[in-house]
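Student: Sequence first, then the predicted structure, then my questions.
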Amino acid sequence: MPDANNNLRLFEALELRAEYAARIKTLKDCLPESRQGRSRLSLLDSNEGFYRPSPDFDVAEAREELRKLEIKRRKLNSAVQKANFERRIDFQGEAINLNEALEIRKGLNEQIGELHTQVVNAAHQRVIYKEGRDIVESREVSYAEATKQLDAARADFRELNRSIRAASFETVVDFQDEG
């Protein structure tokens, strides 16, 4: 639901940005230089002849549309970034802007991956049979501790992600919807 000035909410702006990216990709893929690049990579084109634009496809018009879309996307990106820096949310008792929140979320996601690996590794001990006896290598972190750390990171991620999503529905981006 755009606001009274037809500005978008952050979640709508992100959807529109994804649409712009898809439209730009489609137009770029339709341009003759893109087709030529693909045909050079294809081994099947040796006897297929050449390609020319269809009668209802205007290359100049497509290039102009592409240029306009790229400008719109650039302006939308700028408006989204501005909103991300201005909007603040609370995370663990600290007010941070959405840009910081997105960076923290990215770091938490990476940390969750590392902790997952640590939990999987901690679930088993390595046993080496040597000279008639077993040598057991203990893990640096116990399974219980690794699981506790992973659960805490997942809870932090969930809390932060919910705050980011809620803010995306409340934050207005200074960009006019195409409506």
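Tutor: Looks like it came in fine. Numbering: from 1, shown residues only.
Student: mind listing the helices for this structure?
Tutor: For the chain, the helices defined by DSSP state H occupy 10-30, 32-41, 59-86, 98-122, 143-170.
Student: per-residue confidence averaged over the second one?
Tutor: If I follow you right, that is helix 32-41. Averaged across helix 32-41, pLDDT comes to 67.
Student: that older thread, okay if I get the helices of the chain as TSV plus distance to F50 and mean neighbour count?
Tutor: For glycine as for every other residue, the C-beta is placed from the backbone atoms N, C-alpha and C. Supplementary listing: those in TSV, determined by distance: least, Cβ to Cβ, whole Å; neighbours: other Cβ atoms under 10 Å:
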stretch	distance to F50	mean neighbour count
helix 10-30	16	15
helix 32-41	8	11
helix 59-86	15	15
helix 98-122	46	16
helix 143-170	47	15
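Student: Where among the ones you listed is average confidence lowest?
Tutor: If you rank those by mean pLDDT, helix 32-41 sits at the bottom with a mean of 67.
Student: which residues does V172 contact?
Tutor: Going by Cβ atoms under 8 Å, 6 or more residues apart in numbering, V172 touches D3, N7, L8, R9, L10, A83.
Student: Which of the helices of the chain sits closest to R52?
Tutor: Minimum separation from R52 across the helices of the chain (Cβ to Cβ) falls at helix 32-41, 8.1 Å.
Student: Looking at the contacts of V172, which one is closest to L69?
Tutor: L69 lies nearest to L8 out of these, by Cβ to Cβ, at 16.5 Å.
Student: Quick check: the closest one vs A79, distance?
Tutor: As judged by Cβ to Cβ, to the nearest Å, L8 and A79 stand 8 Å apart.
Student: if I look at those two, which residues touch both of them?
Tutor: In contact with both L8 and A79: V173, F175, using Cβ under 8 Å, 6+ apart.
Student: Distance-wise, check V173 relative to E61.
Tutor: Distance, V173 to E61, using Cβ to Cβ: 29 Å.
Student: before we move on, what about F169?
Tutor: According to Cβ to Cβ, F169 stands 37 Å off from E61.
Student: Nearest the geometric middle of this protein, what residue?
Tutor: Geometric centre of the chain, nearest residue: K106, 9.6 Å, by Cα atoms, centre = their mean.
Student: one step back: take the helices of the chain and write them to a markdown table, including distance to R133.
Tutor: Listed next are the helices of the chain as a markdown table, based on distance: least, Cβ to Cβ, whole Å:
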| stretch | distance to R133 |
| --- | --- |
| helix 10-30 | 60 |
| helix 32-41 | 59 |
| helix 59-86 | 59 |
| helix 98-122 | 23 |
| helix 143-170 | 24 |
